[in-house]
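Q: Quick one, fold the following:
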Amino acid sequence: MYLRNRHGVRIDPVPFVVVVGLAFMFLLSFGPLYGQALGLPLEVAIALSAAVCTVVAVVAFYRQVWTCRPNHVGTVPAAVRAERLFQLIPILAALLVALAIPLVVGYSSN
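A: Model prediction:
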């Protein structure tokens, strides 16, 4: 898959795909559950989650594809990027657990 920025230069699509994939995973996994917990019908909660996911995809495309400047990619050393990635793994795991706690506690008390 080749993506091009607004100047026609090829860019790496992986960051965009990862952001959209994570947004899809989180929003469509937890969005309908939280929507139902707030009293929305399931169809509305799913549609709202899909709409938010679409907005995130559009913003991610604009930030990571359309306005990408590939000549600035090499300015951050690979070691720093890898360190940031490994720091994000426990943060995402904690976010996943934190998102699940209210749903588990809410359903077990009923």
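Q: Going by C-alpha atoms from here, please, whenever you check contacts or count neighbours.
A: Noted.
Q: Poorly predicted segments of the chain, please.
A: Residue ranges of the chain with pLDDT under 70: 1, 72-74, 106-110.
Q: quick check: domain ranges of it?
A: 1-75, 76-110 (automatic domain parsing).
Q: ok, for the residue nearest the centre of the chain, nearest residue in space, not its chain neighbours?
A: For the chain, Ala23 is the residue whose C-alpha lies nearest the centre (Cα atoms, centre = their mean; 2.7 Å). Nearest non-adjacent residue to Ala23, counting by Cα to Cα, 6 or more residues apart in numbering: Cys53, 6.1 Å away.
Q: OK, contacts around that neighbour?
A: 20, 23-24, 27-28 (Cα atoms under 8 Å, 6 or more residues apart in numbering).
Q: and of these, the nearest to Val76?
A: Closest approach to Val76 among these (Cα to Cα): Val20, at 22.7 Å.
Q: what about Val59, is that helix, strand or coil?
A: Each residue gets one of three states, and Val59 gets helix by DSSP: H, G, I helix; E, B strand; the rest coil.
Q: what does Leu92 give?
A: helix.
Q: can you give me the helices in the chain?
A: For the chain, the helices defined by DSSP state H cover 14-37, 42-61, 78-108.
Q: can you give me the angle the shortest one makes with helix 14-37?
A: In other words, helix 42-61. 160 degrees (axes from the mean of the first three to the mean of the last three Cα atoms, to 10 degrees).
Q: buried residues in helix 42-61?
A: By 16 or more other Cα atoms under 10 Å, the buried positions in helix 42-61 come out as 42, 45-46, 48-50, 52-53, 56-57, 60-61.
Q: for Arg10, what are its contacts?
A: 2-4.
Q: Wait, Val65 touches Pro13, no?
A: Yes - here Val65 reaches Pro13: they are 7.4 Å apart, a contact under Cα atoms under 8 Å.
Q: circling back: out of the contacts of Cys53, which is nearest to Leu92?
A: Using Cα to Cα, the contacts of Cys53 come closest to Leu92 at Ala23, 11.7 Å.
Q: CA atoms of stretch 59-76 as PDB?
A: C-alpha atoms of stretch 59-76 as PDB (Å, rounded to 0.1, in the frame of the first residue of the first chain):
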ATOM      1  CA  VAL A  59      -7.500  13.200  11.800                       C
ATOM      2  CA  ALA A  60      -4.800  10.500  11.700                       C
ATOM      3  CA  PHE A  61      -4.700  10.600   7.900                       C
ATOM      4  CA  TYR A  62      -4.400  14.400   7.900                       C
ATOM      5  CA  ARG A  63      -1.600  14.400  10.600                       C
ATOM      6  CA  GLN A  64       0.300  11.300   9.600                       C
ATOM      7  CA  VAL A  65      -0.100  11.100   5.800                       C
ATOM      8  CA  TRP A  66      -1.300  14.400   4.300                       C
ATOM      9  CA  THR A  67       1.000  16.700   6.200                       C
ATOM     10  CA  CYS A  68       3.900  14.200   6.700                       C
ATOM     11  CA  ARG A  69       7.300  15.500   5.900                       C
ATOM     12  CA  PRO A  70       9.500  12.400   5.200                       C
ATOM     13  CA  ASN A  71      12.700  14.500   5.200                       C
ATOM     14  CA  HIS A  72      12.200  15.000   9.000                       C
ATOM     15  CA  VAL A  73      11.600  11.300   9.800                       C
ATOM     16  CA  GLY A  74      15.300  10.500  10.500                       C
ATOM     17  CA  THR A  75      15.700  13.300  13.000                       C
ATOM     18  CA  VAL A  76      14.700  11.100  16.000                       C
END
